[in-house]
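>>> Provide a 3D model corresponding to the input given below.
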Amino acid sequence: MVRFLPFLYYCFFAITIALSLSCQATNDGWVTDAHATFYGDMKGGETMYGACGYKNLYSQGYGLETAALSTALFNNGSACGSCYEIQCVNSKWCKPGHNTIKITATNFCPPNYTKTVDIWCNPPQKHFDLSLKMFLTIAEYKAGIVPVQFRRVPCVRKGGLKFLLQGTQGWYLVLVFNVGGVGNVADVKIKPSNSQNWMQMTRNWGQNWQFTKNLIGQSLSFQVTTSDGKMVQSDNVVPANWQFGQTFEGRKNF
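Numbers count the residues shown, from 1 in each chain. Predicted coordinates for the structure are as follows:
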């Protein structure tokens, strides 16, 4: 019996590894308990702007490949900018060919606690409110809502990180967008040209980050860290003669 025990341990270990590899191969990161609907029109009406702080989604590079996330996915705005691959599953309304779409989280689908049915955006539901164009890529219009599976994917962006300067003198709001990699920003630091120290910015809402010390007449550098811990530093990306409403692009991205 003593000699037999090592053999049992070996078998248990081998079976555990095999099951683990099997699960990884079949799951491949997909989450299956989710649904998708749509809002707006084919030109993107109602999808512009929104709870992440982005403005014109066309000019900022996101276009119609976007979605509003339910409470469970939105995470108080920290998911803004993250990218997902979505596929319609287990419905007669799925388009043939098993099409998938890739979208960026740009808005929030708010919960409705006054209803007891059709509460797709209430926690703990995982739900994507897609632009109409994206919904019609994977499902028929008449469906209205379809079950989907989804997974996080890298965000592919052209050019460097972009910074839109907003606010008033003494209160500065910086929208960080066009973020590659995992896409969602977790931390931003700023360094004006009259300082040697990096200073912490705080999330105001979505991907708008605020700062309250005087920055007028100074060039600005930023350190942007995404949710996976990676950091990109943009030195003197904003010149000293900057104005509110201007957007500046760095040389680097994730």
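
>>> quick one: pLDDT of Lys142?
We note a pLDDT of 97 for Lys142 in this prediction.

>>> what sits against the closest residue to it other than its chain neighbours?
Once flanking residues are discounted, Lys142 sits nearest to Trp93: 7.1 Å by C-beta to C-beta, 6 or more residues apart in numbering. In this view, the C-beta of every residue, glycine as well, is placed from N, C-alpha and C. With contact taken as C-beta atoms under 8 Å, 6 or more residues apart in numbering, Trp93 is in contact with Ala139, Glu140, Lys142, Ala143, Val146.

>>> Turn those into a markdown table, including distance to Val224, secondary structure and neighbour count.
Written out in a markdown table, the entries for the contacts of Trp93 read as follows (distance: C-beta to C-beta, whole Å; DSSP: H, G, I helix; E, B strand; the rest coil; neighbours: other C-beta atoms under 10 Å):
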| residue | distance to Val224 | secondary structure | neighbour count |
| --- | --- | --- | --- |
| Ala139 | 35 | strand | 25 |
| Glu140 | 40 | coil | 15 |
| Lys142 | 43 | helix | 6 |
| Ala143 | 39 | helix | 19 |
| Val146 | 35 | strand | 24 |
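
>>> Just flag the most distant two among those residues.
Checked with C-beta to C-beta, these reach their widest spread between Lys142 and Val146, with 10.7 Å between them.

>>> and the residue nearest the centre of the chain, what pLDDT?
Among the residues of the chain, the smallest C-alpha distance to the mean C-alpha position (C-alpha atoms, centre = their mean) belongs to Ser82, namely 1.8 Å. Confidence per residue is given as pLDDT, and for Ser82 that number is 99.

>>> Thr104 is in contact with that one, correct?
Yes: in this structure, Ser82 is within contact of Thr104 by C-beta atoms under 8 Å, at 7.3 Å.

>>> Make a markdown table from the contacts of Trp93 and add distance to Tyr62 to it.
Converted to a markdown table, those look like this (distance: C-beta to C-beta, whole Å):
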| residue | distance to Tyr62 |
| --- | --- |
| Ala139 | 21 |
| Glu140 | 25 |
| Lys142 | 27 |
| Ala143 | 25 |
| Val146 | 23 |
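
>>> So which of the residues you listed is the closest to Ala186?
Distance from Ala186 was checked for each of the contacts of Trp93 by C-beta to C-beta. The minimum falls on Val146, at 31.5 Å.

>>> Please give me every residue in contact with the closest residue to Gly160 other than its chain neighbours.
Ranked by C-beta to C-beta, 6+ apart and with sequence neighbours excluded, the top spatial neighbour of Gly160 is Gly250, at 3.9 Å. Under the criterion of C-beta under 8 Å, 6+ apart, the neighbours of Gly250 are Gly160, Leu161, Lys162, Phe163, Phe222, Val232, Ser234, Val237.

>>> burial measure for the third one, as a count.
Other residues near Lys162 come to 20 when the count uses other C-beta atoms under 10 Å.

>>> end-to-end on stretch 225-239?
Taking C-alpha to C-alpha, to the nearest Å, stretch 225-239 runs 22 Å from one end to the other.

>>> Report the rounded mean pLDDT for it.
99.

>>> Please apply the same query to stretch 94-112.
Mean per-residue pLDDT for stretch 94-112: 96.
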